[in-house]
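Enquirer: Turn this into a model:
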Amino acid sequence: MDDFIISSWRFSSGIAYENKKLSGELQPSVWYHCQRDADGLRGWLEDNAIPEAIVDSLLADDTRPRFEHFDDDCFLMILRGINLNEGSQPDDMLSLRILWYKGVLISTRKVPSRSVSGLIAQLEKGLGPTSLSDVIIGMVTGINKHISSFLVPVETLLDGLDWEGHEDTQALNALHSRLLRLRRYLKPQKYVFEDLIEIQPKALVDAQNHLKNSLDTTMRINESIEFYIDQINVFLANLSQRQAEKMNRNTYLFSIIAGIFLPAGFFTGLLGVNIGGIPGTENPIAFTLFCIGLVAVVAIEVIVLKRLRFI
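Expert: Residues are numbered from 1 along each chain as shown. The predicted structure is shown next:
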């Protein structure tokens, strides 16, 4: 029965005890952390009379962050966090589902979350949460903490951009795409905390200050991501503009050079035709005079172009 239960802790006396004696029925004041895609979990939840709609939300494969309030003693939170597991990209956001049901806390995950693993490690040392509401706040705080830590090197990287030099635009574009994916999942996360603060579930009445801090942190994270995306957009636009200006300058320069040598090309082409009547063929200094004439034509062209401010 307990193959799908990763960890379970009892908080009935203000002190956390590992709940090793599992039974088929939900036990009050107990936190069950479960593997979402494990066999038997759905049947266990349904056997404990949890409504099918709640079970579906708790076990859904793909869903956005949200808060659902069912009654005074039942609510569901769905949160997204950074995936820090080996071989995974941080923007492959993991999903953490938290269900409060009649004095019982059930959380589910598909891939390990360091926010939850950190809480369990603290509990195993006799530290950490002392109530189910503390467990919820601990998971929320951990999620925000890991997201904030992930964004620190991003800010450092963007602050060090060389606006006048050359940057690795491929890496910058990859970072831009990653931030866009983060924004997609984290932007609605603030509504979860806004709803929690507005509704004030009975289980979290004493944790309103913590929830407000979590809301502030989430809003700051979203604002930071928006700022980073805008900063990358401005940098890439500036880089594209500089490249376009450089190309335009080069094109303009080549156009002027081609215009300067166009008359010289005409005369050399005209005199290069291999027919009779070309003047100067019998004069030994005719070629020298012709070259001097071409130089004079080019010089006159340069003077005229300068006067007309093409150069």
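Enquirer: buried sites along the helix or strand hosting D134?
Expert: Assignment of secondary structure by DSSP states H and E places D134 within helix 132-159. Of the residues in helix 132-159, 132-147, 150-151, 154 count as buried by neighbour count, 16 or more other C-beta atoms under 10 Å. Every C-beta, even on glycine, is put in place using the N, C-alpha and C of the backbone.
Enquirer: how about the helices in the stretch 51-200 of the chain?
Expert: When secondary structure is read from DSSP state H, counting those that start in this stretch, the stretch 51-200 of the chain shows helices at 52-59, 114-124, 132-159, 169-186, 189-199.
Enquirer: Same question for the stretch 201-311 of the chain.
Expert: For the stretch 201-311 of the chain, the helices identified by DSSP H, counting those that start in this stretch occupy 208-271, 286-307, in order along the chain.
Enquirer: could you redo those as TSV and give each row distance to R36, mean pLDDT and mean neighbour count?
Expert: Rendered in TSV, the data for these read as follows (distance: least, C-beta to C-beta, whole Å; pLDDT from 0 to 100; neighbours: other C-beta atoms under 10 Å):
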stretch	distance to R36	mean pLDDT	mean neighbour count
helix 208-271	23	84	14
helix 286-307	74	76	12
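Enquirer: Reformat those as CSV; add distance to S57.
Expert: Conversion of the helices of the stretch 201-311 of the chain to CSV gives the following (distance: least, C-beta to C-beta, whole Å):
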stretch, distance to S57
helix 208-271, 21
helix 286-307, 74
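Enquirer: Show me what counts as buried in stretch 28-45.
Expert: Residues S29, V30, W31, Y32, H33, C34, Q35, R36, L41, R42, W44, L45 are the ones in stretch 28-45 that count as buried (16+ other C-beta under 10 Å).
Enquirer: Next one, pLDDT for the fourth one please.
Expert: I take that to be Y32. Per-residue confidence (pLDDT) for Y32: 94.
Enquirer: OK, contacts around it?
Expert: Residues counted as contacts of Y32 (C-beta atoms under 8 Å, 6 or more residues apart in numbering) are I5, S8, L26, V104, L105, I106, S107.
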